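K.L.:
I would like the atomic coordinates for the input below:
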Amino acid sequence: MTAPTGSGTLTAILAAVADPTRRTVFERLVTVGPSTATALSAELGISRQAVAKHLAQLAEVRLAEPKRVGRETRYSARPDQLEPVTDWTERTTTLWRRRLNRLGEVTSGPNDDRRGQGSATGGRAPVTDPGDRIR
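P.N.:
You can find the predicted model right below:
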């Protein structure tokens, strides 16, 4: 995993795509291709200035790349810059899937016949890895 430099951190990327209009602008760039603020404004029915601000925030976290072509600035999507979000989501999903599987084993595992018999852990499997404890 390569971490983006500058303001392109996981938190900044998530903040940038948290806005539904900005997500729509980004999705439009991904699906249709490069565009100007003026063209996006006409398509989305919002002011050119609002679109320009959304594009500037997407560019700040490197999700959009501006390119000057004559008098216009065309923006292209950079979906590869979502990699930190994808990595975090995969790590978090793996962690919780493992924890939920352990919980399932504890609640319906082979210890079912020992429940309520006063074992040292009260019929529950001990938590052996402090990092796996749900806080």
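K.L.:
For the chain, which segments are assigned as strands?
P.N.:
35-36, 64-69, 72-77 (DSSP state E).
K.L.:
Pull out the buried positions in stretch 90-99.
P.N.:
Within stretch 90-99, no residue counts as buried by 16 or more other Cβ atoms under 10 Å. C-beta here means a position set from N, CA and C on the backbone, and glycine is covered the same way.
K.L.:
what stretches of the protein score poorly on pLDDT?
P.N.:
Within the chain, the segments meeting pLDDT under 70 span 1-8, 109-135.
K.L.:
Please list all residues in contact with the residue positioned nearest the centre of it.
P.N.:
By Cα atoms, centre = their mean, the chain has its centre lying nearest to V85, at 3.7 Å. Going by Cβ atoms under 8 Å, 6 or more residues apart in numbering, V85 touches 10, 13-14, 17.
K.L.:
how does it look with 7 Å?
P.N.:
10, 13-14 (Cβ atoms under 7 Å, 6 or more residues apart in numbering).
K.L.:
Can you mark which positions in stretch 34-46 are buried?
P.N.:
Neighbour-count burial for stretch 34-46 [16+ other Cβ under 10 Å]: 35-37, 39-41.
K.L.:
Show me the contact partners of that stretch.
P.N.:
In contact with stretch 34-46 (Cβ under 7 Å, 6+ apart) are residues 21, 24-25, 28-29, 47-48, 51-52, 55, 72-76.
K.L.:
Any idea how far it is from the middle of the chain?
P.N.:
25 Å (Cα atoms, centre = their mean, to the nearest Å).
K.L.:
go on, stretch 69-80?
P.N.:
The answer for stretch 69-80 is 23 Å, by Cα atoms, centre = their mean.
K.L.:
In the chain, which helix is the longest?
P.N.:
helix 83-108 (DSSP state H).
K.L.:
Quick check: closest non-adjacent residue to R48.
P.N.:
Leaving aside its sequence neighbours, R48 sits nearest to S41 (Cβ to Cβ, 6 or more residues apart in numbering; 4.2 Å).
K.L.:
can you tell me how far that neighbour sits from K53?
P.N.:
Remark: distance between S41 and K53 (Cβ to Cβ, to the nearest Å) = 11 Å.
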